[in-house]
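**Student:** okay, here's the prediction I keep looking at, along with the sequence it came from:
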Amino acid sequence: MRRDRTRTHSSTPVPSPPRGRNRPCDARARDVTAPEEEAISTKEETIEFEGEVTEALRNGMFRIALDNGHETIGYAAGRMRRYRIRIMLGDRVKVQLSAYDLNRGRIVYRYK
């Protein structure tokens, strides 16, 4: 037996939902520059000190005697490694320390 095939869809096209700028506002389309979100995206403040390398430790770490009398452990920052800047005992360096952990820091500059 053969059935009569009838059209289930109308011949007029159904409009699709708007795209781009005319799309209705949803969670993804909100303005990301809201004032409360700007404070979250700022970088963490660091404290910079100058000191002298006193000891070379394992894994590229160095013990640094800071000018204010404290001692910290530091590692070479990414750009120091990228440009293959060598750090030797007795070198004067600039160290960035986080406000949360003053015992470890990044060596960001080697003075000549």
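**Tutor:** Structure received. Numbering: from 1, shown residues only.
**Student:** contact partners for the spatially closest residue to residue 57 that is not a sequence neighbour?
**Tutor:** The shortest distance from residue 57 to any non-neighbouring residue, by C-beta to C-beta, 6 or more residues apart in numbering, is to residue 63 (6.2 Å). Where you see a C-beta, it was placed from the backbone N, CA and C, and this is true even at glycine. Counting by C-beta atoms under 8 Å, 6 or more residues apart in numbering, residue 63 makes contact with 53, 54, 55, 56, 57, 71, 72, 73.
**Student:** what's around the fifth one, how many residues?
**Tutor:** Spelled out, it's residue 57. 11 (other C-beta atoms under 10 Å).
**Student:** distance of it relative to residue 101?
**Tutor:** Separation of residue 57 from residue 101 (C-beta to C-beta, to the nearest Å): 17 Å.
**Student:** quick check: end-to-end length of stretch 74-83?
**Tutor:** 18 Å (C-alpha to C-alpha, to the nearest Å).
**Student:** pull out the buried positions in it.
**Tutor:** By neighbour count on 16 or more other C-beta atoms under 10 Å, the buried set for stretch 74-83 is 74, 75, 76, 77, 80.
**Student:** contacting residues for residue 103?
**Tutor:** 72, 73.
**Student:** repeat that with 6 Å
**Tutor:** Residues in contact with residue 103 (C-beta atoms under 6 Å, 6 or more residues apart in numbering) are residue 72.
**Student:** just list whatever residues bridge to the residue nearest to residue 77 when sequence neighbours are not counted.
**Tutor:** Of all residues not flanking residue 77 in the chain, residue 106 sits nearest, at 4.4 Å (C-beta to C-beta, 6+ apart). Residue 106 has these beta-bridge partners by DSSP bridges: residue 75, residue 96.
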